[in-house]
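J.: Make a model of this:
(one chain, ligands or ions: 3)
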Amino acid sequence: MTQTLTIRRPDDWHLHLRDGAMLRAVLPETARHFARAIVMPNLVPPVVTGAQAAAYRDRIRVALPDGMAFEPLMTLYLTEETDPADVAAAHASGLVKAVKLYPAGATTNSASGVTDFDKVRGVLEQMAEIGLPLCVHGEVVDPEVDIFDREAVFIDRILDPIRRATPGLRVVMEHITTADAVAYVRAQGDDLGATITTHHLVINRNHILAGGIRPHYYCLPVAKRETHRLALRAAATSGEARFFLGTDSAPHTDANKLLPCGCAGCFTATNTLAILAQVFEDEGALDRLEGFTSRHGPAFYGLPVNQETITLTKGEVFSVPAQIETEEGPVTVFDPGFDLRWQPS
Ligand SMILES: NC(=O)N[C@@H](CC(=O)O)C(=O)O
Ligand SMILES: [Zn+2]
Ligand SMILES: [Zn+2]
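T.: Ligands and ions are numbered 1, 2, ... in the order given. The predicted structure follows:
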């Protein structure tokens, strides 16, 4: 018996599209299934100003294959030099939907991020006033803090103080990986949301490290122990509007992943929906998939839900290519370690 599930067309509230040849290769993988995505600004050099965001949006539009529809929702990369007036103008024109905070040194291309949080106070106050959300990579960079504790420590040391100092600031804690983050987000008002990735619902740290090191499962924040994965699955499938999908699909060529010091990021755009449908089915929550992928995100960002739908059909096991080809070299597609049967069409 085939089973089908029709949901509003999903959006991805945290996506890396890169630029140039990589952009051309990965954009169709997302646009095939997703209507919109919050596009991360961690290019080299980063997308800091409204003018840079407009130029990047135009490059994305040019890279979109004919016949595909996709709306990039642009973000600005917050630096200590960011001009509040430029942010306000980029928001007022409708171009920019969020500003992204990277603690300097926390992740891929975060060197231009923030070290002294007092220096961005003016921008954050401006954002609170105009209702522009702040997306946060929530990890401290203090080398004294164990990498598996960096998210929990960030909440206490940085996130909570910033939110207390800036009432009204809407914040999305990106790619949460811990039960601590789930609990913190649940304890706050509706000015705080959190994205959860596909891969963090599937892997824990054993997948990365037990029985050999698996670079394609290495991303930041790094996957934690099993109890945390279970907390994320419970949150994602709970139906609570504060949790929504941000795949954090982050392509790096295999050459850059398979190094003595390899890049962080899992590329999940190609099979994310099929994986999520299986996860939600396994949790007895298929009826909540649409909330997570298609309703909670627009509600947080104050955007309309997509009118179009997408249908997933459960049938025979199917496979996606193990890699996608790019002019820069192959990019390995995330392997969930289980069969895929829910095929989006
Ligand atoms: N998540 C990752 O491991 N990598 C992201 C950066 C990020 O989202 O932190 C990337 O840009 O490659
Ligand atoms: Zn990040
Ligand atoms: Zn990311």
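J.: ok, the closest residue to ligand 2 within the chain - contacts?
T.: The minimum distance from the chain to ligand 2, using CB to the ion, falls at His137 (3.6 Å). Bear in mind the C-beta positions are built from the backbone N, C-alpha and C, glycine included. Contacts for His137 (CB atoms under 8 Å, 6 or more residues apart in numbering) come out as 100-103, 106-107, 110, 113, 174-175, 220.
J.: Name the next helix or strand downstream of the longest helix along the chain, please.
T.: Secondary structure of the chain per DSSP state H: the longest helix is helix 50-63. The helix or strand immediately downstream of helix 50-63 is strand 71-77, counting by DSSP states H and E.
J.: quick one: that next one near ligand 2?
T.: No. If you take CB under 5 Å from the ion as the test, strand 71-77 misses ligand 2, and the best it gets is 11.7 Å.
J.: How far off centre is the helix or strand just after that strand?
T.: As assigned by DSSP H and E, the chain's next helix or strand after strand 71-77 is helix 84-92. In terms of CA atoms, centre = their mean, to the nearest Å, the centre of helix 84-92 is set 23 Å apart from its chain centre.
J.: buried residues in helix 84-92?
T.: By 16 or more other CB atoms under 10 Å, the buried positions in helix 84-92 come out as 84, 86-88, 90-91.
J.: Touching stretch 123-133 from outside, list them.
T.: Residues outside stretch 123-133 that contact it (CB under 8 Å, 6+ apart) are 78, 82, 84, 87-88, 91-92, 96-99, 134, 162, 166-172, 300-302.
J.: ok, which stretches of the stretch 201-345 of the chain are helices?
T.: In the stretch 201-345 of the chain, the segments counted as helices under DSSP state H, counting those that start in this stretch are 205-209, 226-236, 254-257, 272-282, 289-290, 296-301.
J.: Get me the contact residues on the stretch 201-345 of the chain for ligand 1.
T.: Proximity of the stretch 201-345 of the chain to ligand 1 (CB under 6 Å from any ligand atom) is limited to residues 219-220, 248, 250, 264-265.
J.: TSV please, covering those and showing pLDDT, neighbour count and distance to Gly50.
T.: Formatted as TSV, these follow (pLDDT from 0 to 100; neighbours: other CB atoms under 10 Å; distance: CB to CB, whole Å):
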residue	pLDDT	neighbour count	distance to Gly50
Cys219	98	26	29
Leu220	98	21	27
Asp248	98	27	24
Ala250	98	28	24
Ala264	98	15	28
Gly265	98	23	27
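J.: buried sites along stretch 303-313?
T.: The neighbour-count check on stretch 303-313 (16+ other CB under 10 Å) flags 306, 310, 312-313 as buried.
J.: which one among the residues you listed gets closest to Gln323?
T.: Nearest to Gln323 among those is Leu312, at 23.5 Å by CB to CB.
J.: Let me know whether the closest one touches Thr272 as I believe.
T.: No. Counting by CB atoms under 8 Å, Leu312 stays clear of Thr272, with 11.7 Å between them.
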